[in-house]
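Student: take a look and give me a structure for this.
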Amino acid sequence: MKIRVIKKAKGLLLTDYRRLGTFGDGRPKFALYFKSNSGMDYVWTPNLQGETLRLFQLISQVKAINQPPIELEQTSTKHVTDYVSLAIRAANDFHQKTSFAHVNEVAKGLFKFDIGSNLRGTMPDIVSQEIYDWVITLSEQPIDEEEKLRLAKKFIASLALASSPVENLVAL
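Tutor: Just a heads-up that it's a prediction; the model follows:
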């Protein structure tokens, strides 16, 4: 079926979005619903490789940019760490500078728990998703908030180091 557009919309307003299922690798497939200023409805289902990944990257970057700076050193009882923002920022900062195996080696050497499942984050690649999942799993642990912050700081610092994962943990 071919659709012919007679008048192009001058502006589109996002009116709804729905998950349609998942792609073969587990990432969500969704449809975005728009309405033009002239009242016409449009539906866009972005492809996985280009548009969807780029959309997720842009959304996470915009969210991270608009979040106030996270101070890991603040541990007052009034301060509550936003682990979702921390996870997104860490994933965006380090996903191209490390590997999936390195992230897991650092996490398994540092944390005394397994990675959680069904964490609801959708990052653009498996390395950033793994970083995100480990930080969110850490946030859900029944340990003291000060200890969580110490572990989060150590995890992120270990990802930043260029030497092998085992040497990173010994150095910290």
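
Student: what's the separation between S139 and S85?
Tutor: 11 Å (Cβ to Cβ, to the nearest Å). Placement of C-beta: from N, CA and C, glycine included.

Student: in the lengthiest helix in the chain, what's buried?
Tutor: When the chain is parsed with DSSP state H, its longest helix is helix 145-160. For helix 145-160, a neighbour-count test (16 or more other Cβ atoms under 10 Å) marks 148-149, 151-152, 154-156, 158-159 as buried.

Student: right, and the helix or strand after the strand ranked longest in the chain?
Tutor: Taking DSSP state E as the criterion, the chain has its longest strand at strand 12-22. Reading on from strand 12-22 to the C-terminus, the next helix or strand found by DSSP states H and E is strand 28-36.

Student: return the set of buried residues in that next one.
Tutor: 29-30, 32, 34-35.

Student: between those, which is nearest G21?
Tutor: Each of the buried residues of strand 28-36 was scored against G21 by Cβ to Cβ, and K29 proved nearest at 5.1 Å.

Student: mind listing the residues bridging to that closest one?
Tutor: K29 has these beta-bridge partners by DSSP bridges: G21.

Student: so it sits against G21, correct?
Tutor: Yes: contact status for K29 versus G21: in contact at 5.1 Å, counting by Cβ atoms under 8 Å.

Student: list the residues that contact T15.
Tutor: 33-35, 41 (Cβ atoms under 8 Å, 6 or more residues apart in numbering).

Student: how many neighbours does R89 have?
Tutor: 23 (other Cβ atoms under 10 Å).

Student: what helix or strand does it sit in?
Tutor: helix 83-94.

Student: give me the next element, helix or strand, following that helix.
Tutor: Next element after helix 83-94 (DSSP H and E): helix 100-110.
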